[in-house]
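>>> Predicted model, plus sequence, below.
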Amino acid sequence: MGKTGTAQKYGEDGKISTGKYVSSFFGFLNNQNPEYALLLCVDEPSTGAYYGSVVAKPPAKEIFEGIIEYKNIPPKKEVIVEELEVPNLVGKSLSQALVILEKLGVYYEVSGEGEKVVTQFPSPDTTIKKTATILISTE
């Protein structure tokens, strides 16, 4: 269980630096009685992607899987996660898109400060797990 984060960085001039981010994931293993916690931060990711859900969450998952294997922690009961088809949000106002995403009950991250959705990931009609994160950009 955990939470991702994406933060813009400030330059020496005190203003937000364009294209500079810190991506993070904080999580813990065994939410009933946590024994292990992890804070993973990626300073200025160089992959092109900068969202915590894309950059920091995958290596955190690998670290937790390594702990589980090393400590021989038995697997939890399998949880069936609902799947859904990603709606087309491009061209919609940000408020319309957020209403749709809230009704679906999915995680999402918004990039940009505009009022209109110009891109999204995953693309429309893609089948995803309900626990996935939908990324939208605005102009």
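Here it is on my side, so go on. Residues are numbered from 1 along each chain as shown.
>>> Wasn't residue 110 part of a strand?
Yes. Under DSSP: H, G, I helix; E, B strand; the rest coil, residue 110 falls within a strand.
>>> quick one, helices of this protein?
Using DSSP state H, the helices found in the chain span residues 52-55, 57-70, 94-104.
>>> Let me know which of those helices is tucked in deepest.
Highest mean neighbour count among these (mean count of other CB atoms under 10 Å): helix 52-55, with a mean of 23. In short, each C-beta sits where N, CA and C put it, glycine included.
>>> I'd like the mean pLDDT over that one, please.
Per-residue pLDDT values across helix 52-55 average out to 89.
>>> Can you report how many residues neighbour residue 4?
Counted with other CB atoms under 10 Å, the burial measure for residue 4 works out to 21 neighbours.
>>> just residue 2 next, same as before
Here the number of neighbours of residue 2 (other CB under 10 Å) works out to 20.
>>> Does it touch residue 61 like I think?
No. The pair residue 2 and residue 61 fails to qualify as a contact (CB atoms under 8 Å) at a distance of 9.1 Å.
>>> helices or strands up against the strand ranked longest in the chain?
The single longest strand within the chain, with elements called by DSSP state E, is strand 16-29. In this structure, strand 16-29 makes packing contacts with strand 2-10, strand 36-43, helix 52-55, helix 57-70, judged by 3 or more CB pairs under 8 Å, 6 or more residues apart in numbering; DSSP states H and E.
>>> partner strands of it, parallel or antiparallel?
Here the strand partners of strand 16-29, with direction, are listed using DSSP bridges: strand 2-10 (antiparallel), strand 36-43 (antiparallel).
>>> Distance of residue 120 relative to residue 101?
Applying CB to CB, to the nearest Å, the value for residue 120 to residue 101 is 10 Å.
>>> tell me, what's touching these two both at once?
Here residue 120 and residue 101 share the contacting residues 89, 134, scored by CB atoms under 8 Å, 6 or more residues apart in numbering.
>>> Good, we can wrap up now.
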